[in-house]
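**Student:** Pasting the sequence and the predicted model now:
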Amino acid sequence: MRGLVLAAGLLSALTVSAAAEDSRMAIDLPPDVKVQFLEHMRTHMISLNDVIQLMANGKIREAGALARKEMAIGAGKGFGRFMPPEFREIGFEFHKAADDFARATADLPEPPDAAAWSKAMNGLAGITMRCNGCHAAFRVK
Ligand code: HEC
């Protein structure tokens, strides 16, 4: 019994500290913009998956073209105007990484040799690094 009370106390302490340790900057968005923003984020996950599936099938040029179409500059929905400058900066880097990936893969051999694989994977890592970096820094309220 005492153990149980102790465990319950520990659990609530852990919950509180987990919340307190969330150091991400919280962005305040109008409710409808928030819904659209998160929906748009989920399409990024879908696009990333599609890109990786194409690569797994050796279609790296197509993977690059898809990344550019779905994630490069101009593919954004204009959420930037609601965002702090640091967010916009990472957002810009993200879109640029997608464009870099498309350019890096545009003339690679298919099926790719080892060097081509390495180049393509580097480009892809440049994209996911930005997904990750922004998620570590920001959340929405
Ligand atoms: C410039 C910033 C930024 C970039 C780049 C970014 N995201 Fe996000 N994403 C966010 C923020 C902010 C949230 C909200 C997180 C929260 O509130 O906990 C989010 C949420 C999400 C969600 C959850 C959506 C939901 O319905 O809750 C997914 C999935 C996601 N992002 C995928 C991605 C993928 C995949 C990439 C890269 C291909 C990416 N994001 C790039 C900022 C970014």
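**Tutor:** Cool, got the structure.
**Student:** Not counting its own residues, what contacts stretch 32-51?
**Tutor:** Contact with stretch 32-51 is made by 29, 63, 66-67, 70-71, 77, 79, 82, 124, 127-128, 131, 140-141, as judged by C-beta atoms under 8 Å, 6 or more residues apart in numbering. (C-beta placed from N, C-alpha, C; glycine too.)
**Student:** Flag the shaky bits of the protein, pLDDT-wise.
**Tutor:** Flagging of the chain using pLDDT under 70 yields the residue ranges 1-20, 74-76.
**Student:** For it, which residues are neighbours of the ligand?
**Tutor:** By C-beta under 6 Å from any ligand atom, the residues of the chain that approach the ligand are 38, 41-42, 44-45, 48, 87, 90-91, 94, 127, 130-131, 134-135, 138-140.
**Student:** Return the subset of the residues you listed lying in helices.
**Tutor:** 38, 41-42, 44-45, 48, 87, 90-91, 94, 127, 130-131, 134-135 (DSSP state H).
**Student:** Would you point out the most distant pair within the contacts of stretch 32-51?
**Tutor:** For those, with distances taken as C-beta to C-beta, the pair at the greatest spread is Ala63 and Lys141 (34.7 Å).
**Student:** which of the two has more neighbours?
**Tutor:** Ala63 (25 against 7; other C-beta atoms under 10 Å).
**Student:** quick one: the strands in this structure?
**Tutor:** Read by DSSP state E, the chain holds these strands, from start to end of the chain: 25-27, 138-140.
**Student:** For Ala115, find the nearest of these.
**Tutor:** Distance to Ala115, taken as C-beta to C-beta, is lowest for strand 138-140 among the strands of the chain, at 36.0 Å.
**Student:** out of the ones in helices among the residues of the chain next to the ligand, which is most surrounded?
**Tutor:** For these, neighbours tallied by other C-beta under 10 Å; top is Ile127, 24 neighbours.
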